Structures are given as C-alpha cells and as structure tokens.
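*Asks:* next one to model:
(chains A and B)
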Amino acid sequence: MSNEAEESCQGKKSCCGINNLALTYGALLLRVWLGVRAIQTGIEKYSGTTASSKVVDGPAGEYGLTAGDAVKNYAIENYHGVPSALMKKFEAEPMMLKFGLPLYDKILGPVLIILGVTILLGLASRTSLFLLGLLYVSLTWGLILINQNDGVAWLGTHMVLITLALMLADHNRLTILKKW
Amino acid sequence: MNQPQSSINRRSFLSKTAAGAGAGLVLGAPNILRAAEPGAADTIHVALVGFGKQGEVLFNCLKNIPGLHFQAVCDISPFNLKWGMGQVRVHQRSSAKGYADIDEMLATEKGLDAVVVATPDFWHSPHTVKCLEAGLNVYCEKMMSNTIDGARAMVHAMEKSGKLCQIGHQRRSNPRYRYVLDQLINGQKICGQIVNINGQWNRSLGSSQDIGGEKLHASTIVPTDVLNKYGFKDMHQFRNWRTYRDLSGGPISDLGAHQIDIFSWFLGVAPKSVYASGGNDYFKEREHFDNVMCIFEYDTPQGNVRAFYQVLTTTSAGGGFWESFMGTEATIKISEIASSSAIYREDGAPKWNHLVQKGYLINKPAPPKPPPSADAVQAYESKPPEGFDLPGGFNKPAHQPHLENFFAAVRGKAKLNCDARHAFESEAPIYWVNPSALSKQPIIFTPEHLSV
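*Replies:* Next up is the predicted model:
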C-alpha cells in the first residue's frame, strides 16, 4: 500500500474501497488459518495408530468375538517428519542432499509447530510468514523432484495465502510483537 | 494346587487377577502375564513335556494365562531342554527344573498339578497315561496317538484316574467355531440341510521339506544312545518323525485331524464309512503318503452327508486350509485364518436381513461381477450366492483359548471342550484313512472300528 493510499486511509472508514475493519478481520483470519494449519500439520507428525479390539454387540459378543479397530494417538515416539513412503522416493533422488534429508525429517514437525504458534500469536508475524513461505517452498521443491504435481499446486495455494497475509500486514492487530 | 476342584475361591481369584491388571496399567508392565508365585494358593504347577517347535507354540500361549507356575521342563534333546528352561526363566524369573526323562521327572517332582505334553505322536499315549496315573491333569497335543490302541489307552487312563485329559484340537475352543456351530448352524439353522462338506489343507513344497540338513549344529545333536532309547533311529527320525509310519500318522493325522475333527463335531455324529486314496507323488522316499484324499459318509438326523477332505503337501494352490459346510440354504466356509472364512446365502433361501439387524452376521461387499463368458452356457449357471461374514474375530494365539479352557477346568470353573473320550470319537475314523488308501478299498465302520 502506498503512502498516499495509507494517508488516505487515516481517519477514514474505508481504504481503496474496502472497510478498514474488514481488512483487519481478513488479516486476522489469514493468521488464524495459516497458524492453525501449520500447528496441526506439525502435531499430526506425532500421531500414530494402535490396533485395538472390542467385544462386538449382539450374540457374537457372548462368545468373546471382537471387532478390530485402529485407535489414533499422539506420542513423541510416533514422530515421522517426512512420510516413510515419500522418504524412500526422496532418498532415490540424485539431487536430494543425502545428509540433509534426515535433518529435514527431524526438524519439519517442530518447525511447523513453532511457526504456526508465532503466526497465531502475532509474534514477528511478517518474518514468521516469510519463514513459513520458505518452508513451503522447500516442500514444493521436494514434490517437484518426485513429480507430485497435485501437491505442488496444493502448496501453491498456501503460498498465495501467505502472500495475502503479508500484504495485509499493516492491518494486523492483536499481536504480541509487531516488529519484524 | 493339589485339589484343583476346591482350592481356589472364585472371588479371591478374580480380585487377585484384577489387582494384577491394575498394577500392570500403573507400572506399564504386563505383570498379570507373569507366572504365578510358586507358593500362592491359586497357583497351578505345570510341567512342560516336550519343548520342540509345538511345545514352544504352546508355551507362548501359556505365558498369557495368569496363575501358572512352570515347575519342570522335560525333553530328551539337551538343546530343546536348555532352550525351554531359558524361556521359562525369562518369563517367570525363576528356574524350572530340567529333565531328559519323564519317569525321573514324575518320580522327583512333588506338587505338580498339570502337564502339557507336546512330544512326537508316538509318545503321546505313553506320556499321557504315565501322567494321568501319577494323578496329574494332562493337556496333550493331537493326534492322540499314532495308533488307535494308543488313543484307547488314553481314554481308559483318563476315566480310571478321574483326572482331566484335554486333547489339543484347539478349534473346539475357538470362539469363531463355537459361535458358528451354536448360533448359526444349530441356533438359526442358516445352512438348512447340510448335504456336503469340503475341507482341505494344501501346503507348499517349501513348507513340507525335511527339517534340518545334512550338517546339524553340534549343540542340536542328541546322542545316538539317547535317541535309540526313546525310539528314534537317528537325528533325521528325531527331527522328521512326522514322515515315519511307526512314529506318526502322516499328513492325514498331522494336518487333517484338526479339520476332520470339525466334521464330526459340527454334524454331531461319527461317519459310517471312509474311502481314501493317497500316494507318494513327490516325496518318493517318505514312508507316509504326501498327498491324500478321502471321502467320509455320515448318516445324520437330517440326511446323508458326504465329506471330502484332501491334504496335499506338494502344493499350496487352492487357498490353504479351511472347512466348508455346504447346505441347501447356505454355505459356511470357516478356517482358523479369519480371512479365509466366508458365509454364502443361496439364491432363493430366506433373507437374512433380520440376522444382520440382530448382529448375527454382517454383509460382505459383493465382488465385482465378471463379464459374461462366451464359453459358459448361462442358462445352466446358478446365480452367485450372497456373501456374509461373522461380526467379529478374536485376537489371541490360536491355541490359547483351548489351553485357557483346560486350566479353567483344572480350577473347576469349566468343562473340557475336548476331553480324551470326545477326541477319540472324532479321531477314530481318521486312523482308518491310511489303511483305506493302502488297500484301495472303502472301509465300512463297525463298532470295532470306532469304539473305545
């Protein structure tokens, strides 16, 4: 937004034909969306399933017959940064840095959670959004390598949202650290 | 636990096992699965006789049963004995005494309550009879014996001693089999009239090869004088006793007995005849047939039933092992492997919507319809039957429910699902399969063939 436009917004109810309050809401919604998206994606990397069985209802239950079920749980030991199916494909890629992949696998989940939290709380929002964008660029590069074009397009929509959030940074409110 | 019928108070047993479970949850350790303390009042003191492959299979189930203390292990193989004692020590954190000779074990060990026998077939009867006569309850692997007279001796010993003798036809305690028989066949009568039974155990060549090569590791070799003392000519016989006529009944008893047992159990009657064919189609040097096919005829209150059974040790084609009970209204194909089981309703039979609603069965998704075949005369084809499945399975090792039933009976809390007499009634016809195949003649059963 230019200085001229910014000045024209001061003390006015609208900016470029859009209400200031609406721009603030837009910025907040984008922050919440991107923050929640990143946090939960990171948390899911700690998820796993354990097989369970419970006695079935009805006459078969009297014989102790059980129905199998998969119960989802979260634990540190479940951690998997890069899904194992993709890991094998990445390892087979000649352009993939072999020493970098295990490191990336280790930090991906925690980084997603940390950036998600900083974006959600408004802690150096612009830098956090930028770093999240870089993280998505790295994911995009990996998916290009293994020819996962759907995933690339999917990450592209995330990049558009990050860019929009950065464009609305001046309207960002309810932040802990506005600087950066 | 010398007085199994009365020494355990039900309430104290339940409270102790519940307390064990709670502690296990808190500590994160499955202490309920630990063997019982030797001195505890509700402890059953067990001896393991035979700790080969099958002995270890049973021990891995026994470990899951609370309240057992493994007091002694007996095996003529020093390697098996050492291995078994090590397994016990790891499990119960105290050693079991080891014996090479069962007579020495029975003479030495005091306070035993039960014995689990997993020795070669030709030793089942002598070992079981000895233990019953010593006043012990016995769980013995099937086949009862390599001879029908050996099996008869076991029934006599059980009835004379008044002790429990369970034979390891483990499907008799399998909840899926019991549910199918009680609720679906006898209760809801979904099969209508059972007119035919098919059963098979097809095993690949790879799984049927002799155990052990020419060069055995020194630690696994049993001294020749010991082998000879216990009826084995050499190490090949010791490790491959299932292929020798004097030591076992061959594939029809080794594999087939499990399934032919189900035929008689489900029908509730003994067969009236058998006609068998067998041969050494691949394993030319073996004493027993490698492939056997047989037909039993049953005269049931509903009418005649023919049961075809084949055991092939030369191919696994045809879907492994299962039993299929084919009725006028439905077919129940059941196997120890749940995925090999299925239930089909015949076209025109009464609908089963009410059974599905009440939870007796669940619908099975129909397979995709194949394209019309030019080489089949469609007018002669039946409409494919509708598929259903059992509403659940069970998540324990296959032998565990049968062992649980045995020890519950030792505690006086259950009736044996397959005592020696019932096992004999089921096994007796199997002893006549090989003679029929050898003579190439059908055998019409008389009371002499099948009676104890």
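*Asks:* would you mind naming what in chain B lies close to chain A?
*Replies:* With CB under 8 Å from any CB of the partner chain as the criterion, chain B comes near chain A at residues B:175-176, B:178-179, B:182-183, B:187, B:358-360, B:390-395. Bear in mind the C-beta positions are built from the backbone N, C-alpha and C, glycine included.
*Asks:* now the buried members of those.
*Replies:* Burial by neighbour count, judged by 16 or more other CB atoms under 10 Å in any protein chain shown, picks out B:175-176, B:178-179, B:183, B:360, B:390-394 from the residues of chain B next to chain A.
*Asks:* excluding chain neighbours, what is closest to the residue in chain B positioned nearest to chain A?
*Replies:* Residue nearest to chain A within chain B (CB to the nearest CB): residue B:359, separated by 2.4 Å. Spatially, and ignoring its direct neighbours in sequence, residue B:359 is nearest to residue A:58 (2.4 Å; CB to CB, 6 or more residues apart in numbering or on different chains).
*Asks:* and that neighbour, what pLDDT?
*Replies:* Looking at residue A:58, its pLDDT stands at 85.
*Asks:* now do the same contact list for it.
*Replies:* B:358-360, B:391 (CB atoms under 8 Å, 6 or more residues apart in numbering or on different chains).
*Asks:* circling back: tell me the pLDDT at the residue of chain B closest to chain A?
*Replies:* Residue B:359 is assigned a predicted lDDT (pLDDT) of 92.
*Asks:* what about it, which SS state?
*Replies:* Secondary structure assignment for residue B:359 (DSSP: H, G, I helix; E, B strand; the rest coil): coil.
*Asks:* measure it to residue B:400 for me?
*Replies:* Using CB to CB, to the nearest Å, residue B:359 is found at 25 Å from residue B:400.
*Asks:* and if you look at residue A:54?
*Replies:* 18 Å.
*Asks:* kindly report the domain assignment for the chain.
*Replies:* Let's take chain A. Using automatic domain parsing, the domain parsing of chain A gives A:3-45+A:80-171, A:47-79.
*Asks:* wait, I meant chain B there
*Replies:* Taken from automatic domain parsing, chain B resolves into B:10-172, B:173-367+B:379-391+B:421-450.
*Asks:* mean confidence for the first one?
*Replies:* I take that to be domain B:10-172. For domain B:10-172, the mean pLDDT works out to 86.
*Asks:* how about residue B:336: what's its closest non-neighbour residue?
*Replies:* Counting by CB to CB, 6+ apart, the residue nearest residue B:336 is residue B:398, at 5.4 Å.
*Asks:* chain A: strands as residue ranges?
*Replies:* Using DSSP state E, the strands of chain A run over A:14-15, A:18-19, A:47-55, A:66-74.
*Asks:* turn these into a markdown table, including mean neighbour count and distance to chain B.
*Replies:* Output for those, formatted as a markdown table (neighbours: other CB atoms under 10 Å in any protein chain shown; distance: least, CB to the nearest CB, whole Å):
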| stretch | mean neighbour count | distance to chain B |
| --- | --- | --- |
| strand A:14-15 | 16 | 58 |
| strand A:18-19 | 12 | 53 |
| strand A:47-55 | 12 | 5 |
| strand A:66-74 | 12 | 5 |
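*Asks:* and those strands: which comes nearest residue B:412?
*Replies:* strand A:47-55 (25.1 Å; CB to CB).
*Asks:* so the closest one versus strand A:66-74, what angle?
*Replies:* With axes from the mean of the first three to the mean of the last three CA atoms, to 10 degrees as the basis, strand A:47-55 and strand A:66-74 are set at 150 degrees to each other.
*Asks:* average pLDDT for strand A:47-55?
*Replies:* For strand A:47-55, the mean per-residue pLDDT is 81.
*Asks:* with stretch B:384-397 instead?
*Replies:* Mean predicted confidence for stretch B:384-397 is 87.
*Asks:* that older thread, quick one: closest of the domains of chain A to residue B:416.
*Replies:* Nearest of those (CB to CB): domain A:47-79, 17.5 Å.
*Asks:* still on that earlier bit, how near is the residue of chain B closest to chain A to residue B:387?
*Replies:* 17 Å.
*Asks:* repeat that for residue B:303.
*Replies:* In terms of CB to CB, residue B:303 sits 26 Å off from residue B:387.
*Asks:* more neighbours: which of those two?
*Replies:* Neighbours around residue B:303 and residue B:387, counted as other CB atoms under 10 Å in any protein chain shown, are more numerous at residue B:387. The numbers are 14 against 11.
*Asks:* would you confirm that the more buried one contacts residue B:343?
*Replies:* Yes. Residue B:387 is within contact range of residue B:343, at 7.1 Å (criterion: CB atoms under 8 Å).
*Asks:* which residues do these two both contact?
*Replies:* residue B:364.
*Asks:* sec struct for the residue nearest to residue B:336, please.
*Replies:* coil.
*Asks:* check contacts around it.
*Replies:* Residues in contact with residue B:398 (CB under 8 Å, 6+ apart) are B:170, B:174, B:336.
*Asks:* please apply the same query to residue B:80.
*Replies:* Here residue B:80 is in contact with B:50-52, B:55 (CB under 8 Å, 6+ apart).
*Asks:* can you do 10 Å?
*Replies:* B:50-53, B:55-56, B:73-74, B:100, B:220, B:222 (CB atoms under 10 Å, 6 or more residues apart in numbering or on different chains).
*Asks:* how much space separates it from residue B:59?
*Replies:* Residue B:80 is 11 Å from residue B:59, by CB to CB.
*Asks:* so what sits against both of the two?
*Replies:* Shared contacts of residue B:80 and residue B:59 (CB under 10 Å, 6+ apart): B:51, B:73.
*Asks:* ok, back up a step: tell me which of the domains of chain A is the most buried.
*Replies:* Burial of the domains of chain A is given as mean neighbour count (mean count of other CB atoms under 10 Å in any protein chain shown); domain A:3-45+A:80-171 ranks first at a mean of 15.
*Asks:* how far does that domain sit from the chain's center?
*Replies:* From the chain centre to the centre of domain A:3-45+A:80-171 is a distance of 6 Å (CA atoms, centre = their mean, to the nearest Å).
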